[in-house]
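J.: Could you look at this predicted model? Sequence included:
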Number of protein chains: 2
Amino acid sequence: MIDILDRVRCKELQSKIVTAEEAAAYIKPGMNIGTSGFTPSGYPKAVPLALAERMKKDPFKINLWTGASTGQELDGALGEVHGIQFRMPYQTNKVLRNEINKGEMDYCDLHLSESAQLARYGYMGGKIDVAIVEACAITEEGNIIPTTSMGNSASYVQTADVVIVEVNTTQPLELEGMHDVYVPLDPPHRLPIPIVKTNDRIGTSYIPCTPDKIKFIVPCDIKDHTRPFGEIDQDAKRMSELFVEFLHAEIKAGRMPKNLLPLQSGVGNVANAVISGFINSDFKDLSVYTEVIQDGMFDLIDAGKLNFASGTALSPSPEGLERFYRNIKEYRKHIMLRPEEISNSPEVVRRIGVLGMNTAIEADIYGNVNSTHIMGTKMMNGIGGSGDFARNAYLTTFFTASTAKNGLISSIVPMCSHIDHTEHDVDIIVTEQGLADLRGLAPKTRALEVINKCAHPDYRPMLLDYFERADAATKHAQTPHIIKEALSWHERFIETGSMKK
Amino acid sequence: MIDILDRVRCKELQSKIVTAEEAAAYIKPGMNIGTSGFTPSGYPKAVPLALAERMKKDPFKINLWTGASTGQELDGALGEVHGIQFRMPYQTNKVLRNEINKGEMDYCDLHLSESAQLARYGYMGGKIDVAIVEACAITEEGNIIPTTSMGNSASYVQTADVVIVEVNTTQPLELEGMHDVYVPLDPPHRLPIPIVKTNDRIGTSYIPCTPDKIKFIVPCDIKDHTRPFGEIDQDAKRMSELFVEFLHAEIKAGRMPKNLLPLQSGVGNVANAVISGFINSDFKDLSVYTEVIQDGMFDLIDAGKLNFASGTALSPSPEGLERFYRNIKEYRKHIMLRPEEISNSPEVVRRIGVLGMNTAIEADIYGNVNSTHIMGTKMMNGIGGSGDFARNAYLTTFFTASTAKNGLISSIVPMCSHIDHTEHDVDIIVTEQGLADLRGLAPKTRALEVINKCAHPDYRPMLLDYFERADAATKHAQTPHIIKEALSWHERFIETGSMKK
């Protein structure tokens, strides 16, 4: 109890310290609950667990608005008791994915940079009834010091009727000062977001709040349950090499500064592997403007190659998180966490010229990309921030292994079964087979580049055959397709378990 | 000759006045030519006509980079002599469309806001050899005063080795002062674009240039060949009414200021009709932040309802152009023309909270939109600026009549045959049947909203049947589809000439 009192520096708020069960009891069926959390970092844990226990006895549902995916104690626990009616803007949880695809949960998959503003605009079905945010501490004035993620916390606190703060005593107080909290005004009053360099500080180190808005404070001592990364495989290594090679050529062509431009990489294994590959390059004075800060970036900081990383969340492996905590005094010089509306801001991404690196589920021969739907129908995770970066980056690259399911699926297809990023947004596609540079190409030329550079040899002749027949069949077409056959590879997989003939 | 000398105020440049033939003779096969022009406004005419004459005798091809579509004397004349190898970023010409679909011309269809920067970045196949821009006048310092469009002229002049200026003596000198020319620095040096209101002036009234860069000056007395608008039909009227009604409800719900937010409307009949419909509303103090300024906006200015319109081109009917010229002293108080990189800037569009209104070729039940490809393969015009606005607007609306070709085509389909705007970007779909509000909805709910509100009664039962069977067949899917059947409506049209069974 001593530690928690130290962390609630506003004396009048100390009387609002309650158990998780007491706070959870405040939540009513059908409420819109906005929480902190972005990846399994900085999400509330004690109150959601208590809420899930309550729902077990007395089933009901709430609407859950978060920063992005969260951890087991929030998405997992509430998902397991079927406690979520509506979920936005992103998730990666197995239980939720199942509920979503079954149609038992309404899932609104949004561009992350837009999620806070859509909530503020009142587009998401009413306003936020209760915000639940994890904090390191509460200041004398009632302001909230966030933990390992920023996500949408600041906007949710601003918009909510009532705030519940989970003070997590496992989160080091050295996190204070690593955040840059800035909530834009809404139109017609919005001003330029004044970031011109990745390390520009434009806001406060806390989420502005007042004591009267905080209803309950709940102590919590559960650590972030971050996820381990898979071993970096040969395919990912090869993609990273190809991309580094390409960047060298861009520098040589005068299209890129020697220290590149700010890097962005998506969540997960491939993105982490690509970033890790930079360790073997001779690039230095690098900067990062991204969503999530993962292990590969710690490696680059340690190697003296990465000057500054701006993100909205730390999303390391469990070992990475320990490593971060151990060296927090050093890492905090190089890392800043911002609201996802700012980390993913189209305005800033375009201005500073981010190099966007994201992963695709599949890409088609014309350069359209599917990031979300397996075989066009089943939700994998969601678009996340990939659209914020892909549309606005200086250079937009998508990575995918050329095949999936032991070669039974080709990641390069005649036509994507679902499209999240259109041909207009995709500059480069990289598979372990090669790198296709689509800049300035018309569709037919793009098709040959994608097929010849990126497709797996097992599928290349089939793709060439499709393209040539489509071109012959639709002589007068910018983008040749045989409409009857365009999705036949997916059909075949659904029917036979393989895209091969 | 007197008039032209008056307009070339830089004395040392007067010796560079030549005939169109002399200037056209400078152009070599395979050159990248960057021109002024956005819609049939402010494009060079004399030099392209002379170039086309030259190509008739001695066939060769150039690469043509413009602002967007242009007029007959440029796209038409060069298209007719097969003089264009590569074309970007947008076009609407019948001859070009044919060449593009035949594969005789490479067409790179780009987000208009990105076209100038992609040229500057060096992504479009080398740099610009010659810029040809239409001007009202050239200042004492050699700076260029543009005419009825800004487009990409400033960036092309900045990037080109050599500049040819067509001084068009039919363009009134009162155009001087109506332009706001601002070319952003490129990353890592770019700064915020400091526009917070539609009428903020941030640049110069001329395209910066120096006398040494100008190689030739060509007098021209051919007027802009703007296009007439079609009669506003009942469907367009109904869509406009539905949208105005919706906006009233948004104001009532507290989600919109009484004078709305800055309006954007796409090029063409439907967009013009929707804007015209505002004349019958009680909205006032309106503002516009858009690409093209069309007749409907003159109506709103005349009615005292529209305070200010920022665009990149005047794109009125021939009568509208005459009306503009007649009252230019009054209209110039209310109109400003900016480079399309600024008129369509995602940064500004998002900041000031534009209401984006564009037209769709088709939309699918989940809210994806096809703006470019007829039956998934044939290029109509191009994406133009629709993506710049759709992704970043405060509210993104697409308009389409519910059917095309006398009812043989349903504009609402199970799955779009080509996707330019994804479900993540589309808030509202309007047909003459009704308005679907997709904000905050998960895909299955979106599908019912689109089918029930927007589909034509002839196709509604077929769409419901498809959706219900897809939902049953793919029980566990966020976005139900029967992959085998998703594009069958297009197949049927291709085979039978009708989407009806």
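T.: Arrived safely, thanks for sending.
J.: where's the residue of the stretch 51-200 of chain A found nearest chain B relative to A:P172, distance?
T.: Going by C-beta to the nearest C-beta, chain B is nearest to A:P187 of the stretch 51-200 of chain A, at 2.4 Å. Every residue, glycine included, has its C-beta placed from N, CA and C. Applying C-beta to C-beta, to the nearest Å, the value for A:P187 to A:P172 is 38 Å.
J.: between these two, who's got more neighbours?
T.: A:P187 (22 against 15; other C-beta atoms under 10 Å in any protein chain shown).
J.: residue contacts, A:C136?
T.: Going by C-beta atoms under 8 Å, 6 or more residues apart in numbering or on different chains, A:C136 touches A:R7, A:I145, A:P146, A:T147, A:V167, A:N168, A:Q171, A:P172, A:L173, A:L175, A:E176.
J.: Just the buried ones among those, please.
T.: A:R7, A:I145, A:P146, A:T147, A:V167, A:N168, A:Q171, A:L175, A:E176 (16 or more other C-beta atoms under 10 Å in any protein chain shown).
J.: Now, the residues you listed that are in strands?
T.: Using DSSP state E, the subset of the buried ones among the contacts of A:C136 located in strands is A:I145, A:V167, A:N168.
J.: Export these to JSON lines and append columns for pLDDT.
T.: Formatted as JSON lines, these follow (pLDDT from 0 to 100):
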{"residue": "A:I145", "pLDDT": "98"}
{"residue": "A:V167", "pLDDT": "98"}
{"residue": "A:N168", "pLDDT": "98"}
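J.: which residues touch A:V274?
T.: A:V274 touches A:A236, A:M239, A:S240, A:F243, A:S265, A:G296, A:M357, A:F399, counting by C-beta under 8 Å, 6+ apart.
J.: What helix or strand is it located in?
T.: According to DSSP states H and E, A:V274 maps onto helix A:269-277.
J.: still on that earlier bit, what's the closest of the contacts of A:C136 to B:Q14?
T.: A:P146 (65.6 Å; C-beta to C-beta).
J.: Correct me if wrong: the closest one contacts A:G37.
T.: No - A:P146 is beyond contact range of A:G37, at 10.4 Å (criterion: C-beta atoms under 8 Å).
J.: shared neighbours, these two?
T.: Shared contacts of A:P146 and A:G37, defined by C-beta under 8 Å, 6+ apart, are found at A:E134.
J.: follow-up on the earlier one: now the contacts of A:C136 as TSV including distance to chain B?
T.: Below are these laid out as TSV (distance: C-beta to the nearest C-beta, whole Å):
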residue	distance to chain B
A:R7	36
A:I145	28
A:P146	25
A:T147	28
A:V167	32
A:N168	30
A:Q171	32
A:P172	33
A:L173	34
A:L175	29
A:E176	29
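J.: For the stretch 301-450 of chain A, just list every one of the helices.
T.: Secondary structure of the stretch 301-450 of chain A (DSSP state H, counting those that start in this stretch): helices at A:318-326, A:328-331, A:340-343, A:346-352, A:386-392, A:443-454.
J.: Can you lay out the buried ones among the contacts of A:C136 as a markdown table showing distance to B:V270?
T.: Output for the buried ones among the contacts of A:C136, formatted as a markdown table (distance: C-beta to C-beta, whole Å):
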| residue | distance to B:V270 |
| --- | --- |
| A:R7 | 58 |
| A:I145 | 52 |
| A:P146 | 47 |
| A:T147 | 50 |
| A:V167 | 55 |
| A:N168 | 54 |
| A:Q171 | 54 |
| A:L175 | 53 |
| A:E176 | 54 |
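J.: and which of those is nearest to B:L286?
T.: Closest to B:L286 out of the buried ones among the contacts of A:C136 is A:P146 (40.5 Å), distances taken as C-beta to C-beta.
J.: Give me the neighbour count for the closest residue to chain B within the stretch 201-350 of chain A.
T.: At 4.0 Å from chain B, A:E347 is the closest residue in the stretch 201-350 of chain A, using C-beta to the nearest C-beta. A:E347 has 25 neighbours, counted by other C-beta under 10 Å.
J.: next one: the one 4 residues further on
T.: For A:R351, the neighbour count with other C-beta under 10 Å is 24.
J.: List the contacts of it.
T.: Counting by C-beta under 8 Å, 6+ apart, A:R351 makes contact with A:I195, A:V196, B:P187, B:R190, B:L191, B:P192, B:E347.
J.: Distance of it relative to A:K197?
T.: Applying C-beta to C-beta, the value for A:R351 to A:K197 is 10 Å.
J.: and A:I138, how many residues sit next to it?
T.: 25.
J.: can you pull the pLDDT of the residue nearest to it when sequence neighbours are not counted?
T.: Excluding the flanking residues, the one nearest A:I138 by C-beta to C-beta, 6 or more residues apart in numbering or on different chains is A:V8, at 5.0 Å. We have a pLDDT of 98 for A:V8.
J.: pretty sure A:V8 contacts A:I17?
T.: Yes - with contact defined as C-beta under 8 Å, A:V8 reaches A:I17; the gap is 6.7 Å.
J.: ok, which stretches of the stretch 51-200 of chain A are helices?
T.: A:77-80, A:94-102, A:112-121, A:153-159.
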